[in-house]
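K.L.:
This is the structure alone, sequence omitted:
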């Protein structure tokens, strides 16, 4: 009972619309699991959350043992908020002063104060953004703090230059010393925080779609997304991008690694194309293929990423019965290769013939789950959605 | 520790004690206030141009690079009417506005409408091409020498100060510019929020397809948008030509970039944002030129634009756009 | 429906043929005009190099870069300053200028490449304008409006290159290198990743391509080629001035690749080859008063191309079809051997 995918209470909200509401499902390794539901039920949204094209509002997805969505623990949030507040408070005292040193003599107290308030506003904005863990805010904060830190260090080492606050008699030493005590270690602390990867995950930097593909999840799309102006072979070769290594220098220098990999990619791509039955169209442009062939090409490309889990979004859409029989055969072959398949489909014949287990969605909510026979009898499913050819399956 | 000075209180309070605090403050800040006044005037002009950019971006998601050229054509047109045809200034002013509106509509019709369905990159490149074409067309027609209005043609009133406050003065010309700006901004606001066309514009900027399905003549409303934006841009051109008394074919390019920066600063797609952005950028530019460095005067706009796009692409007012959905 | 490649000569072989003919150019009898023609063709070759560099960003990756002249200028000034202050050899300056360009490409690209196309274009434009402003105003570094005269010519084994034909061959040599680099990139995992990003970013991500990483790489490589072109320019003209690096140059290079076909290498080169000498021809043919007409015409070219043939003379699909054809032939040849 090896769970390759476990989705727990996944919710996704778009503005006012709750597209997914507390959806939970599990997929066992090596099985074919189906998802059915009327249009707008949230099936493609589910796929998009899975592959990180949308960021889920709530819930968690486990790929094997690995959680895909960022967790934000309470204590870390508090820590960040406290840092932001500290940053703001220190800036309150320091900011206009630190800038007064650099400005030309024409600056007077009024302008200085206004400028200080303006820059303070920027720091306030940054502190606000920090609470939502935006990475650029960290960057700006480091730059500002770093600048102030350098200033403080310089002044500590040149105490004679410290002088007084422009026009008043207050010695700047009063500010420089406490500042340097706080700033430099503070910046160091924050930088270190950011560099630790676990912390990044905790703070909300999520895995992008490319990382998820590299982790072994591949997908096809409801509206075919092929690279139309590229050849069929290139389309599949791009699929194998995920698990290869040759980069800029190996390309430019034509290293042995690169040549070996290119040969491997080409062989693999040809093999995938033979597997889906497109070997006679290898050198044609993807845009010139017939619709059914394009669907198969998309599957070949997805297979080239060497997935453990393949997500198929309505692969049989627009196919005639003969083509969909071939598709059923193909997906069966894919299962034989050891790939787990999660398939969204409206065509009941395909679904009933392939799926080991089916989940039914409607309006973002899981309304039923079970074996194909159970689903077929389920009154809620029948009520929500009279499947095409359900009676003939 | 105090460096040898025997001061028991900071200098600020010393002035209070002397009772001339207010005078000192005024003296130190008169430069500041004068710059502020100049900045607001310039800001008004930028707002007028920025509004054109932002409205067009709102309805067709295109950065109309050629908008700056319409501004330049407005300036040249008024100049030509006044110097060659001998019309009085105000007549030229009021003729230029609708003519520029027509220019805008023609520009849309000829260059942008055929590419409505094309890739955005293609439309952007077309806009750049039109901008270059118009710039050099003007160069060919009027030559590259800087033109100025002869002094006696303009109402003498313009150059006398209207208000004086110590060293700070506000000329009637500046009053004129500010008044025109405010009046036309209010007018625009009325159009956008109180008329059918304005509502149609707002609808199209949200969802073009649905708007068409609702029976809105999308192309016509877009033409109207261009007309209004270009009218205001042309007007701004006339005003700037008057204010700085320098008219040359590349003025559209420079002002266009700055106005675009203003539109981005306020939030592209948002008209109040463009107004706010224009004001802020005008003030920032004048202040920066005065206090920091006058060579990098133009650079301030570029820097502001880049900073805003990087850190807050939705601008001061606008909605969240700019990053990949 | 996109047509599949037919039999016939691919554009690649056409260009190699042309290149071979070009080698003979200085020996052709042209009356007294040899040097003049050589200079024009050298300019065209320089712009071919620049166009190949720019092509990587909008052509391969699908992002509009309006700030190319910034890198061109950075490269030129790097070369000029290094030559004047440190008297380094040309062959060291070239990679240094390219590296500097790449560095600035990364600095500019890393924070901005996550933006949508329009905004990215604007930011690149702003950057290039800032670069020009800095070049013009920072007198302590660049001598500003006085320009940077007296850049030493490149030398090969101690012999200074001064003749027009020497520069012509040098330009051709650099072009060969860049061509090699670009074609190798096109046919590699990297190039395919870029094409994927151009065609469909979302599908590319789902094939495991990290968008930011590849976009930054494309931008940096494009910037380094721009820098290299700038270095050659500095050493060729021996005098550089901030006014030589206006926004106009970015548009010109963009025009070349739009006209020739964004994304196709042969198209890019063809565009440069046709349009640059055209500017010279126009300069000769038109009277002085209509001098600016050539800028007008470039603007018009952009507008008309986008309206009637936005994919350019040699469209991207054509180039891909050609590539597929070559691959088919290669595979057929391999199978024959077995």
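P.N.:
On my side now, so go ahead. Note that the structure is predicted; figures quoted are calculated from it, not measured.
K.L.:
Surely residue B:164 forms part of a strand?
P.N.:
Yes: with DSSP: H, G, I helix; E, B strand; the rest coil as the criterion, residue B:164 is assigned to a strand.
K.L.:
Is it bridged to anything, and to what?
P.N.:
According to DSSP bridges, residue B:169 are recorded as the beta-bridge partners of residue B:164.
K.L.:
Just give me the neighbour total for it.
P.N.:
9 (other Cβ atoms under 10 Å in any protein chain shown). In this view, the C-beta of every residue, glycine as well, is placed from N, C-alpha and C.
K.L.:
Over to residue A:17?
P.N.:
Around residue A:17 there are 10 other residues, counting by other Cβ under 10 Å.
K.L.:
what does residue C:149 give?
P.N.:
Residue crowding around residue C:149 was assessed by other Cβ under 10 Å; the count is 13.
K.L.:
now residue C:307
P.N.:
Other residues within reach of residue C:307, judged by other Cβ under 10 Å, total 16.
K.L.:
where along the stretch 51-200 of chain B do the helices fall?
P.N.:
B:67-83, B:89-107, B:120-142, B:172-194, B:196-206 (DSSP state H, counting those that start in this stretch).
K.L.:
Show me the one of the ones you listed that comes nearest chain A.
P.N.:
Distance to chain A, taken as Cβ to the nearest Cβ, is lowest for helix B:196-206 among the helices of the stretch 51-200 of chain B, at 12.8 Å.
K.L.:
on that earlier part again, nearest to residue C:245, out of the helices of the stretch 51-200 of chain B?
P.N.:
Between residue C:245 and these, the tightest spacing by Cβ to Cβ is seen for helix B:120-142, at 16.7 Å.
K.L.:
ok now that closest one, how far from the chain's centre?
P.N.:
Using Cα atoms, centre = their mean, to the nearest Å, we find the averaged C-alpha position of helix B:120-142 to lie 20 Å away from the chain's own average C-alpha position.
K.L.:
and if you look at stretch B:223-231?
P.N.:
15 Å.
K.L.:
of the helices of the stretch 51-200 of chain B, which approaches chain C most closely?
P.N.:
Each of the helices of the stretch 51-200 of chain B was scored for nearness to chain C using Cβ to the nearest Cβ, and the closest is helix B:120-142 (3.0 Å).
K.L.:
For the chain, give me the ranges with low pLDDT.
P.N.:
No chain was given, so I picked chain A. Counting by pLDDT under 70, chain A contains low-confidence ranges at A:1, A:71-142, A:144-206, A:246-247, A:250-251, A:254, A:385-393.
K.L.:
look at chain B instead
P.N.:
Low-confidence regions of chain B, defined by pLDDT under 70, span residues B:1-30, B:153-160, B:162, B:165-167, B:291-293, B:318-325.
K.L.:
Pull out the buried positions in stretch B:274-283.
P.N.:
When burial is assessed from 16 or more other Cβ atoms under 10 Å in any protein chain shown, stretch B:274-283 yields the following buried residues: B:274-283.
K.L.:
between those residues, which is nearest chain C?
P.N.:
Set against chain C, the nearest of these by Cβ to the nearest Cβ is residue B:281 (13.2 Å).
K.L.:
Please name the residues that touch the closest one.
P.N.:
Contacts of residue B:281 were listed using Cβ atoms under 8 Å, 6 or more residues apart in numbering or on different chains, and they are B:43, B:46, B:258, B:261-262, B:265, B:301, B:304.
K.L.:
Out of those residues, grab the one that's most surrounded.
P.N.:
Greatest neighbour count in the contacts of residue B:281, by other Cβ under 10 Å, goes to residue B:262: 36 neighbours.
K.L.:
mind listing what it touches?
P.N.:
With contact set as Cβ under 8 Å, 6+ apart, residue B:262 has these partners: B:46-47, B:49-50, B:274, B:277-278, B:280-282, B:301.
K.L.:
Turn those residues into TSV, including secondary structure.
P.N.:
TSV is the format used below for these (three-state DSSP):
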residue	secondary structure
B:46	helix
B:47	helix
B:49	helix
B:50	helix
B:274	helix
B:277	helix
B:278	helix
B:280	helix
B:281	helix
B:282	helix
B:301	helix
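K.L.:
Let me know which of the helices of the stretch 51-200 of chain B is tucked in deepest.
P.N.:
Highest mean neighbour count among those (mean count of other Cβ atoms under 10 Å in any protein chain shown): helix B:67-83, with a mean of 26.
K.L.:
Report the distance from that one to the chain centre.
P.N.:
Here helix B:67-83 is found 15 Å from its chain centre; the criterion is Cα atoms, centre = their mean.
K.L.:
so what does it touch, helix or strand wise?
P.N.:
Contacts defined by 3 or more Cβ pairs under 8 Å, 6 or more residues apart in numbering or on different chains; DSSP states H and E place helix B:67-83 against helix B:21-60, helix B:89-107, helix B:120-142, helix B:218-244, helix B:251-266.
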